Each structure stands twice: as C-alpha cells, then as structure tokens.
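Enquirer: Here is my input, please return the structure:
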Amino acid sequence: MPDTPSPSGGSALDGAKARVAAHVDRKAGLLVDASHEIWDHPELNYEEHFAHELLTGILQDEGVTVERSAYDLDTAFVARAGTSGPTIAVLCEYDALPEIGHACGHNVIATAGLGAGLAAAAMADELGGRVVIMGTPAEEGGGGKVLLAERGAFDGVDAAMMVHPAGLDLARMDVIAIHQLHADYHGEAAHAAAFPHKGRNALDAAVLGYNAVAALRQHIRPDERIHGVFPHAGDKPNIVPKYAQAHWYVRSPSLRSLEVLKPRVVACLEAGALAAGCRCEIEWLDPAYADLLDNGPMVSRYIANAAATGRTVGDPRGAAFPVVGSTDMGNVSYLVPSIHPMIAVGPPHVSIHTPEFAGFARGDAGDRAVVDGAKAMAMTVVDLWADAGLLPAAREAHAADLERVGGTAGVPGVS
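Expert: Predicted coordinates for the structure are as follows:
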C-alpha cells in the first residue's frame, strides 16, 4: 500500500491506522465485557476452557475463521484472516494464578489481543496482509507457547506481539530465563516422640536445602533469582516426615547463564539431603523459558502508536518500578521478531501477582488498557503490513540480536 495522501490530508497509512483504531472503539464494549468475564472465571494452566470458548465464540460471531483446540492443545486456538502478504501473530494469554486469580492481568492480555486481531482482520485483504490471532494457554509455568512452537504454530509467521499489564507503560519487561524444578526428599518415618532416632526426616532435608540456597543467594549475580516453596512438608507432627517436596524457580538473564547457575542450586538441595541422611531426587520441569529479544524497530513503532492513544511509553531502565519476570514469549522471540510491551492498569507501586493488582485488572484502568492496547497493536500490525521498510528492518534487527546472543541453540521450541 503506497504511502500516498488520503482524502483527509494525511497519508494512506495514517488513514488505515485511524480506521483500525475506530474499529476497536466500535468493539470496545464487547472487549471489556469479555475481559470481565475471563476475570470472573479464573482458570489455571491448560484448564482455560471457559476463556477458550468465550474467545473462540466471539471470533466466530465476528466472522473470523477459527480453529478450536489447535495443535492438539485443548485450550489453544488459532484464528486467521487475510489471503496474502506478511503474516503477523497477535497472541492472547488467559490463564490465571492459584488463589489470586487474574493477578497478572491475563484477562487484559486476552482481550487486547482479541481486539487488535479483530480490527486487523477487518482490513487484512484490503491492506494485503495476514493476521493470526493465537490463543496461547498456560503461560504461568505450563509453557503453552513453547508447545505451540514445537508443533509448528509459528511456521510462516513473520512477526509476533502481545501486551502485558503492569503499573507503568513500558517499552519492554525485563525478561529473564527460568527453569523450574521439583526436589523430592525421601527419608524414613518413625514416631516423633517414642522413636525419633529411628527416623530420617525428609522435611529437615528440604529445610536444610532451602537454607543452603538462601546462603547461595549472597553469591549469585544481582540479576539472578532463586525462590521456592514446600508443596509437601509431612503429614502430622508426631510422624517423622518420610517425604517432602520443594518447588523451585531458578532464574538468570539468559539460558546460557542459567546453565551455570543450575548445578549450584542442585548442589545446595542435595547437600540438605546428605546432612539429614535422606535421598534427594531432582526433576527439572520442562520447558525452560528463554530471555526475550525485544525487536527494536517494532518497539519503536508500538511506542508511536501507543502515543496516539494518549499513552507515553517509557524505558524500563529509567523506571522507578521496573518489571522483572519470565515468560514463554521469550522463546517465541527467538523464532520471529517479537515485542512484549507493558501497559499500565494500576499504580506503579502495586506489584503484579498480588490480590491488589488483580482488582485493577478488572477496574477502569484495566478496561482502558484493553482498548488502548488493542489499538496500539492493531496499528502496529498495519505498520508491518503497509510500511515497506518496517518488516525488513525488524528481520535485520532480529538477525543481529540472534548473533549477539549466540543463536538459537538450546532454546526450547526453537532448536
């Protein structure tokens, strides 16, 4: 589509972007209602049946071809529009957290992605592009995007995007790599009062391992994180625990640096078992999540488009409350040029993954984020379709990023 003047006096590109934004405005009530419905029905990893049916039903009602339970994942979906041109994927997440529901605001992610996809789909054939609206389950530890990538969901995709709620509008999240593990401790039961000397306390082993990791934290990089909980810690106080389990998250800036940290953590956990006379079994929970390669040209265009909605998107390096976390979108970013900007739904000081943040995700600010995020992404899709120089620049930047980090070797879902 040439960048020629439109009847209104702007360029044809500007006119197309105004039209997709107007389409989002027309669907705003539908999108906000869907966001509230998903918030009201929180579902965990791979159990997102309500959200799956709601979102796919809306897509079908809006005339977009949709495949339910795509790629042999019950709660994944793929909707497509357009017959030729660059293929841009807009990703939706909709899983929740135990006990605190949508405290990560995935109801906003899902419906902002839905709105962007619907607006883009309405103009895909006219603008000579294709859009894929992809429902990606189980981001909170289940690796839905990694499984989708392994099964070919991103084959033929030229670029991918999503927005994530936070306390600020930021160009990116500080995404670090993560691998989860279970440490299972096996001891020997005994009566804790009558015959404690006959027991081998698996909980002691787990606690000693925990304390060893706590000591390790003094001597790891400032940008690394190790944190865990005890899903099982024994049955009754008068029985020496014969079994205990610790669930750990091990995080580092990249998969390469993570591989250096992991054996140090394992040594701490096994040392607890050795000290308590118990046995420790370590199980790494695949897939690992990679760091995220934010695509510079795409980020710049998203920032400009978000400004058209009245949002000023900042640099996280200067933010008073930067967002650090891990996401399976990182793995996608090794496959195709990708962005993962943050959109404000609450005050900067309110942390995601808290009950307070969950309230903001269903409040007025969350509703505005649904609409604004949909507009900014839809306009960025139009840019990728209609600005002849943007997608080549995004590909060039992606290739440079891959060279900088040493390629895709060892990235789950990619290599």
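
Enquirer: residues in contact with His227?
Expert: By CB atoms under 8 Å, 6 or more residues apart in numbering, the contact set of His227 is Trp248, Tyr249. In short, each C-beta sits where N, CA and C put it, glycine included.

Enquirer: Can you check the pLDDT for it?
Expert: pLDDT for His227: 97.

Enquirer: quick one, phi/psi of it?
Expert: phi -150, psi 140 (degrees, to the nearest 10).

Enquirer: Could you do Leu274 as well?
Expert: Taking degrees, to the nearest 10 as the convention, Leu274 sits at phi -60, psi -40.

Enquirer: and it, how many neighbours?
Expert: 13 (other CB atoms under 10 Å).

Enquirer: would Asp184 count as being in a strand?
Expert: Yes: using DSSP: H, G, I helix; E, B strand; the rest coil, the assignment for Asp184 is a strand.

Enquirer: Number the residues from 176 up from this point.
Expert: With 176 as the first residue, the last one maps to Asp359.

Enquirer: Write down the beta-bridge partners of it, one by one.
Expert: Gln420, Glu456 (DSSP bridges).

Enquirer: isn't it right up against Ala448?
Expert: No: Asp359 is beyond contact range of Ala448, at 9.8 Å (criterion: CB atoms under 8 Å).

Enquirer: who touches both of these two?
Expert: By CB under 8 Å, 6+ apart, the residues touching both Asp359 and Ala448 are Cys455.

Enquirer: Compare these two and say which one has the larger neighbour count.
Expert: Legend: neighbour count by other CB under 10 Å for Asp359 and Ala448, higher for Ala448 (26 against 17).

Enquirer: Double-check that one against Tyr360; I have them as touching.
Expert: Yes: counting by CB under 8 Å, Tyr360 is a contact partner of Ala448 at 5.8 Å.

Enquirer: Between those two, which contacts overlap?
Expert: By CB under 8 Å, 6+ apart, the residues touching both Ala448 and Tyr360 are Ala380, Gly384, Arg454, Cys455.

Enquirer: just curious, which of these is nearest to Pro273?
Expert: Gly384 (23.2 Å; CB to CB).

Enquirer: and Gly374, how many neighbours does it have?
Expert: 19.

Enquirer: is it true that it touches Ala368?
Expert: No: applying CB under 8 Å as the test, Gly374 and Ala368 come out as separate, 10.9 Å apart.

Enquirer: okay, how far is it across stretch 252-261, tip to tip?
Expert: 20 Å (CA to CA, to the nearest Å).

Enquirer: neighbouring contacts of it?
Expert: Against stretch 252-261 from outside (CB under 8 Å, 6+ apart): 227, 230-231, 234, 239-246, 292, 295-297, 299-300, 302-310, 328, 333-334, 559-560, 566.
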